[in-house]
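Participant: structure for the following, please:
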Amino acid sequence: MKKRLLTLGAFCAAFTAAAQAPDTTAAEGYRFTDVKILPVTSVKDQSRSGPCWCYSTLSFLEGEILRAGGAPVHLSEMWIVRHTFMEKAVKYIRMHGEINFAEGGASHDVTEGIKNHGIVPQEAYPGFNYGTEKADFPELSPVLKAYLDAVITASGKSSDKALSTAWKRGVDAILGEDFGRMPETCTYEGK
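Facilitator: Sure thing, here's the model as predicted:
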C-alpha cells in the first residue's frame, strides 16, 4: 500500500512538473503592423472642466488640418467655450430659466462657434485667467447660473417686463474674470 501511495505521489509530482514546463511549440502570437501612421496633435488635458465636447471636436479639426496638409496648430478651446457660455446665457434668459444651463455641449457648438466668431490659436487666447495652467471650472457654472437666475427673478419671469440693459455686460464681466480679456486681433505665424 505504501508503494502505491509513493508511486502515486511521484506520478502526481512528475505530472504537475510537466504541466508547468513552457510550451515551446506554441505560436508566437499576432503582431500588428503599421500600414499608415497618421499625424496627430498632442493630447489636451481638460482637467476639472466640462467642455469635453470642445476639446474633442477641436482635436478632430486639428487632425483634419494635418490630414489636409496643413501645419500643426493648437486651436483655443476657451475661445469657443467663452462664446458658447454667452450664447447659452442669452438662451437661458430668453427661456426664463426653463432650459438647462451647464458646461455641457455638443460638437455642433464648436462648428457654430467658429462660423459665428472665428477661431484663434491657443497662443492668442489661452483663456486661463484664474491662475491655473489648465481648465478649472468649479465655480464658473454655479456663479453664472446664480447670476442669470437673479436676472430672471428681477424681471419677474414675465415677458412683458423689460430686462435691464446691463445683464449681458454682467455675464461678460464674469466670463472675463475667468477666461481673460478676448483679443480683437492676433498675429499667428506673421499673419
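
Participant: doesn't E133 lie inside a helix?
Facilitator: No - counting by DSSP: H, G, I helix; E, B strand; the rest coil, E133 is located in no helix; its state is coil.

Participant: now do the contacts for the residue positioned nearest the centre of the chain.
Facilitator: Centroid-nearest residue in the chain: C52, 2.3 Å away (criterion: CA atoms, centre = their mean). C52 is in contact with Q46, counting by CB atoms under 8 Å, 6 or more residues apart in numbering. For the C-beta atoms, the positions are set from N, CA and C on the backbone; glycine is no exception.

Participant: equivalent analysis for N129, please.
Facilitator: G176, E177, D178, F179, G180.

Participant: try 7 Å this time
Facilitator: E177, D178, F179, G180 (CB atoms under 7 Å, 6 or more residues apart in numbering).

Participant: go ahead and confirm the third one touches E77.
Facilitator: No - under the criterion of CB atoms under 7 Å, F179 lies out of contact with E77, with a separation of 10.5 Å.

Participant: now neighbour count, distance to L58 and secondary structure too, for the contacts of N129, in TSV please.
Facilitator: Shown next, in TSV, are those (neighbours: other CB atoms under 10 Å; distance: CB to CB, whole Å; DSSP: H, G, I helix; E, B strand; the rest coil):
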residue	neighbour count	distance to L58	secondary structure
E177	13	23	helix
D178	21	19	helix
F179	23	16	helix
G180	16	18	coil
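
Participant: the spatially closest residue to W79 that is not a sequence neighbour and M95, how far apart?
Facilitator: Computed as CB to CB, 6 or more residues apart in numbering, the closest residue to W79 that is not its neighbour in sequence is Y125, at 4.8 Å. Distance check for Y125 against M95: by CB to CB, to the nearest Å, it reads 29 Å.

Participant: who has more neighbours, these two?
Facilitator: Y125 (22 against 12; other CB atoms under 10 Å).

Participant: now do the strands in this protein.
Facilitator: Using DSSP state E, no strands are assigned anywhere in the chain.

Participant: which stretches of it form helices?
Facilitator: 2-19, 52-67, 77-94, 107-117, 140-155, 167-179 (DSSP state H).

Participant: with respect to burial, which of these scores highest?
Facilitator: helix 77-94 (a mean of 21; mean count of other CB atoms under 10 Å).

Participant: from the contact counts, what lies against that one?
Facilitator: For helix 77-94, the packing partners by 3 or more CB pairs under 7 Å, 6 or more residues apart in numbering; DSSP states H and E come out as helix 52-67, helix 107-117, helix 140-155, helix 167-179.

Participant: out of those, which gets nearest to T33?
Facilitator: helix 52-67 (21.3 Å; CB to CB).

Participant: who does the nearest residue to P138 once chain neighbours are set aside bridge with?
Facilitator: Once flanking residues are discounted, P138 sits nearest to R48: 6.1 Å by CB to CB, 6+ apart. Note on R48: beta-bridge partners D136, judged by DSSP bridges.
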